[in-house]
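A.B. asks: Starting from these lines, generate the structure:
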Amino acid sequence: MKIFYSEEHRNHYPPYEVFDGGKRVEYFENPDRMDRILSALGKTDWADLTQPADFGLDPILAVHDKDYINFLASCWTEWLASDPEVAATPEQHAFLPATFALRRRTRPTSSLHGRGGYYMMDLSACIVAGTYKAALASANCALSAAEAAVSDQRSAFGLCRPPGHHAGKDYAGGYCFINNASVAANWISSKGKVALLDIDYHGGNGTQDIFYERSDVLTISIHGDPDYEYPHYTGFADETGAGAGLGFHKNFPLPKDTGDAGYLATLDEALEMIGKFSPSYLVLSTGMDTFDGDPLGKFHVTQNGFAEIGKRISVLKLPTAIIMEGGYANEALGTNIVTLLENFK
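C.D. replies: Numbers count the residues shown, from 1 in each chain. Predicted coordinates:
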């Protein structure tokens, strides 16, 4: 299996993030996640690690607002230029706004923090010097996996960091800056019919936002119910698309403590929907934070559960661009992702 990976991600490593209640903690979405996966892949005889191609900005701008991408590109250098304390000790800082737009008849302002609060959804989408280039490289990993899936008519893995499914058309959130899976799915959509299945523990709000009024890409997300889980304000079962996209989006919000049996039963429903849609390709937003014991999740999916998830999705026999999203139980992360991938090679 072709695995697309870039070392550029290491330059995105914020010194902290801010949890609910204002608690400053070590950044959960860190480079160690990739090291664990690389170590596990290195023990297989089928992982073909490859540098991603550079697709330029056009596939990204086909999904994301240009002013938002410009903000990501310039945010850090603008902040350095405007704040002597940050410029003196940049490694101790991460750009985060303190005021967030409610998105009710609002617009970005000329001030950096005004734009930050408009283009950022929460206090985990921290921006540092290497964030933008890491996000571009991550998107190129996803696009390279999409291109390989189309050209080789088999599955490929985009080992993406930072992840992407919380990034909407014009906002960052949940460790995500560019929506890698959506960029890949949109690129594939000009080559053939495509479905996007999100199996990350947290609802794919950004993906929902991007495709909500489109009928050419079926989007499905299986996740923790937003009544108790991030991203809180979207991902409910009655959100099924709008306009031309009505009926082409499906959320499966699940209760706390969902284990293998409950998860797999829901997955079967999702796979039945995909079968009826009859796509030529699949994009799989692959989060491992459904794992039992993940520090940011409340599900109890086991390693055996991941093996079965992989088996059931692979029965679709679709060329699949598998895109890395979340998963923060780092010690088990590599084994978990390899367990799933083995069914697609």
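A.B. asks: Could I get the full set of helices for the stretch 201-345 of the chain?
C.D. replies: Using DSSP state H, counting those that start in this stretch, the helices of the stretch 201-345 of the chain run over 205-211, 260-277, 303-314, 330-341.
A.B. asks: Need the winner for burial among the ones you listed.
C.D. replies: Highest mean neighbour count among the helices of the stretch 201-345 of the chain (mean count of other Cβ atoms under 10 Å): helix 205-211, with a mean of 27. For every residue, glycine as well, the C-beta is placed using N, CA and C.
A.B. asks: Run through the residues that contact Phe252.
C.D. replies: Ile220, Ser221, Ile222, His223, Ala237, Thr266, Glu269, Ala270 (Cβ atoms under 8 Å, 6 or more residues apart in numbering).
A.B. asks: any idea how far Pro31 is from it?
C.D. replies: Phe252 sits 31 Å away from Pro31 when distances are taken as Cβ to Cβ, to the nearest Å.
A.B. asks: One more: Val194?
C.D. replies: 30 Å.
A.B. asks: Among the two, which residue is more densely surrounded?
C.D. replies: A direct count of neighbours by other Cβ atoms under 10 Å for Val194 and Pro31 places Val194 higher, at 28 against 16.
A.B. asks: For the chain, which strand extends over the most residues?
C.D. replies: Counting by DSSP state E, the longest strand found in the chain is strand 217-224.
A.B. asks: before we move on, back to that, pull the most distant pair out of the contacts of Phe252.
C.D. replies: The span of the contacts of Phe252, defined through Cβ to Cβ, is set by His223 and Glu269 at 13.8 Å.
A.B. asks: quick one on the thing from earlier: and the longest strand of the chain, what does it pack against?
C.D. replies: helix 180-189, strand 194-198, helix 205-211, strand 249-254, helix 260-277 (3 or more Cβ pairs under 8 Å, 6 or more residues apart in numbering; DSSP states H and E).
A.B. asks: who wins for proximity to Tyr228 among the ones you listed?
C.D. replies: Using Cβ to Cβ, the nearest of the helices and strands packed on strand 217-224 to Tyr228 is strand 249-254, at 9.4 Å.
A.B. asks: between that closest one and strand 194-198, how big is the angle?
C.D. replies: 20 degrees (axes from the mean of the first three to the mean of the last three Cα atoms, to 10 degrees).
A.B. asks: Could you figure out how far strand 249-254 is turned away from strand 217-224?
C.D. replies: 10 degrees.
A.B. asks: Okay, buried residues for strand 249-254 please.
C.D. replies: His249, Lys250, Asn251, Phe252, Pro253, Leu254 (16 or more other Cβ atoms under 10 Å).
A.B. asks: so the second one touches Gly235, yeah?
C.D. replies: No. Counting by Cβ atoms under 8 Å, Lys250 stays clear of Gly235, with 10.8 Å between them.
A.B. asks: shared neighbours, those two?
C.D. replies: Ser221.
A.B. asks: what helices or strands is the lengthiest helix in the chain leaning on?
C.D. replies: Longest helix of the chain, by residue count under DSSP state H: helix 131-152. In terms of contacts (3+ Cβ pairs under 8 Å, 6+ apart), helix 131-152 is packed against strand 2-4, helix 58-61, helix 66-82, strand 156-158, helix 180-189, strand 281-286, strand 320-324.
A.B. asks: Check which helices and strands the fifth one is in contact with.
C.D. replies: This points to helix 180-189. Against helix 180-189 (3+ Cβ pairs under 8 Å, 6+ apart) you get helix 58-61, helix 131-152, strand 194-198, helix 205-211, strand 217-224, strand 281-286, strand 320-324.
A.B. asks: Name the residues that touch it?
C.D. replies: By Cβ under 8 Å, 6+ apart, the list of residues contacting helix 180-189 reads 55, 59-60, 62-64, 138-139, 141-143, 145-147, 149-150, 158, 160, 163-165, 194, 196, 198, 204, 206-207, 210-211, 216-217, 281, 283-285, 321, 323, 325.
A.B. asks: ok, 6 Å please
C.D. replies: With Cβ atoms under 6 Å, 6 or more residues apart in numbering as the test, helix 180-189 has contacts from 59-60, 62-63, 138-139, 142-143, 146, 160, 164-165, 194, 196, 207, 210, 216-217, 281, 283, 285, 321, 323.
A.B. asks: try the fourth one
C.D. replies: Residues outside strand 156-158 that contact it (Cβ under 6 Å, 6+ apart) are Lys2, Ile3, Phe4, Cys141, Ala142, Ala145, Ala148, Ala149, Ile322, Ile323.
A.B. asks: Kindly report the same for the third one.
C.D. replies: For helix 66-82, the external contacting residues (Cβ under 6 Å, 6+ apart) are Val86, Ala87, Phe95, Leu112, Arg115, Tyr119, Ile127, Ala129, Tyr132, Asp170, Phe177.
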